[in-house]
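Peer 1: Sequence first, predicted model second:
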Amino acid sequence: MADTHSIETRSYNMSRIRSVNTKPELKVRKFLFSNGFRYRLNVKEMPGKPDLVLPKYNAVIFVHGCFWHGHDGCRYFVKPKSNQSYWLPKIEKNINRDKANFARLIELGWRVLEVWECDLKKGKIEGTLEKLVRTIKNI
Ligand SMILES: [Zn+2]
């Protein structure tokens with residue numbers, strides 16, 4: 001059935017988008033690791049399941065896609081023109097969930113660092129990662 005096929009395709013694409021080892025996250029991980037940082041990944045028991053947890057620095061890192069997490073004012077976060085009633089509540093929910101998770105983590109004494117996908121693009125990534133290291137080290 002044609003319908004079944006299109007549903008399968010869609011769920012495949014969605015799972016790819018949401019998959020844990022997204023490329024931007026890998027870039028951050030590789031850089032930090034090669035610079036001597038050690039971390040835990042996707043710690044389930046922590047609010048929001050941070051992408052990286054650096055206990056030594058009391059820091060957690062989220063690498064966020066600009067679309068799914070509604071990067072405010074970002075040129076990569078273009079509100080979808082079609083099906084807005086479907087996408088916008090989803091994105092809004094993510095934004096609110098992120099806020100709530102960040103607040104809980106801060107309450108628990110963590111420093112919450114958020115890296116946006118657009119800042120990991122060619123030409124920006126070096127500066128972003130250098131800044132991230134300075135922030136982690138608090139210098
Ligand atoms: Zn962005």
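Peer 2: Looks like it came in fine.
Peer 1: What is the longest helix along the chain packed up against?
Peer 2: What stands out as the longest helix in the chain, according to DSSP state H, is helix 84-107. Helices and strands touching helix 84-107, by 3 or more CB pairs under 8 Å, 6 or more residues apart in numbering; DSSP states H and E, are strand 59-64, strand 111-116. Where C-beta positions appear, they are placed from N, C-alpha and C, glycine not excepted.
Peer 1: Which stretch among those is buried most, on average?
Peer 2: Highest mean neighbour count among these (mean count of other CB atoms under 10 Å): strand 59-64, with a mean of 24.
Peer 1: Can you tell me which helices and strands that strand packs against?
Peer 2: Using 3+ CB pairs under 8 Å, 6+ apart, strand 59-64 is in contact with helix 23-34, strand 52-54, helix 84-107, strand 111-116, helix 125-137.
Peer 1: sorry, back to before: for the ion, find the nearest of the helices and strands packed on helix 84-107.
Peer 2: strand 111-116 (4.3 Å; CB to the ion).
Peer 1: so which of the helices and strands packed on strand 59-64 comes closest to the ion?
Peer 2: Using CB to the ion, those put strand 111-116 closest to the ion, at 4.3 Å.
Peer 1: what angle do that closest one and helix 125-137 make?
Peer 2: Strand 111-116 runs at 170 degrees relative to helix 125-137, counting by axes from the mean of the first three to the mean of the last three CA atoms, to 10 degrees.
Peer 1: No more questions from me, cheers.
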